[in-house]
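**Q** Any chance you could fold what I've pasted below:
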Amino acid sequence: MNNYLIVTADDFGLHESVNEAVERASRAGTLNAASLMVAAPAAEDAVRRARLLPNLRVGLHVVLADGWSTLEGHVIPQIADLSGRMSGDMLRKSLRFFVNSAARAQLDAEIRAQFAAFTRTGLRLDHVNVHKHFHVHPTVLNILLQVARDFGTPAVRIPDEPFWFAARSAGLTAGTTQGLLAPWIALMKHRLRSAGVFHNDRIFGMAGSGHMSEAALLAILARLPGGISEIYLHPATESGSAIAPSMGSYRHAVELAALLSPRVRAALSSIAFRGGYLDALRAVGGSPA
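**A** Residues are numbered from 1 along each chain as shown. Next up is the predicted model:
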């Protein structure tokens, strides 16, 4: 096997138009996986659709910022407000997780609650990732790996985007930012290997988040390197703030159109090995549970 490609939709369950897009792209054969927000408003609809899509691999999209908690807000006041809403202030939370033991205990409790909620869906867990890649934070990653071990998680996403694509998508500043993350990404890979947790080699979609067009997908597929690559998108039948207030600039419908593009479908058809993380693990000779 020279290379393996996983095409994933994040934010599954955020909105019914996201779920509809996931269903359409899965049935079209271009989308291999989706990452489920278990406490999001349309999570039940997402699970219902997933049960009818035999080729869709479903993972857990752990939400610790800019989303809804699984536990009631008064149980985790360091993470969510009383309504269960988690703010998008990741810098403040990052500092809190480093210095505040109560915050770390609440972080552990909320992550466990999200894993447990996924288990209750009855879906097979394909992978785990974290909304806004918050598991780059060493404390979040440490707790995530502890919980993942307890729940038998097969794979965790590494947000390692090639410099050329980051720069192409959002300019040199984005490419440089990705370079600054390199030491933390290296630490993540080391810790996942040490824990025996399967992961991808690289990802595409960070710098171009919300703007993954047909041209962007074709550029990736034309230069797809060896190893295990993941492309992630945010498709939906509606766009921007119609999906979430924090996504005003996102072009969700453009991303869905890219997944349904005949040119993209033709380019994907030339890649022999595609599927979810569990499929990739089998392809490289692993033995998923």
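
**Q** Can you give the contact residues for stretch 258-278?
**A** By Cβ atoms under 8 Å, 6 or more residues apart in numbering, the surrounding residues in contact with stretch 258-278 are 1, 3-7, 21, 24-25, 28-33, 57, 59, 124, 126-127, 154-155, 198, 200, 212-214, 216-218, 221-222, 224, 233, 235, 280, 283, 288. (Glycine included, C-beta is placed from N, CA and C.)

**Q** Need the distance between the two termini of it.
**A** Start-to-end span of stretch 258-278 (Cα to Cα, to the nearest Å) is 25 Å.

**Q** How about stretch 232-245?
**A** End-to-end distance (Cα to Cα), stretch 232-245: 21 Å.

**Q** Now do it, average pLDDT.
**A** Per-region confidence: stretch 232-245 scores 95 on mean pLDDT.

**Q** same deal with stretch 50-68?
**A** 97.

**Q** picking that back up, can you flag the buried ones in the contacts of stretch 258-278?
**A** In terms of neighbour count (16 or more other Cβ atoms under 10 Å), the buried residues within those are 4-7, 21, 24-25, 28, 30-33, 57, 59, 126-127, 154-155, 198, 200, 212-214, 216-218, 221, 224, 233, 235, 280, 288.

**Q** related to what we said a few turns ago, give me the subset of the contacts of stretch 258-278 lying in helices.
**A** Judged by DSSP state H, those include 21, 24-25, 28, 214, 216-218, 221-222, 280, 283 as members of helices.

**Q** ok, now which ones touch Met86?
**A** Met86 is in contact with 63-69, 79-80, counting by Cβ under 8 Å, 6+ apart.

**Q** and it, backbone torsions?
**A** Main-chain dihedrals, Met86, degrees, to the nearest 10: phi -100, psi 130.

**Q** With the one 3 residues further on instead?
**A** Listed backbone geometry of Asp89 is phi -80, psi 80, with angles given as degrees, to the nearest 10.

**Q** Neighbours of it, how many?
**A** 11 (other Cβ atoms under 10 Å).
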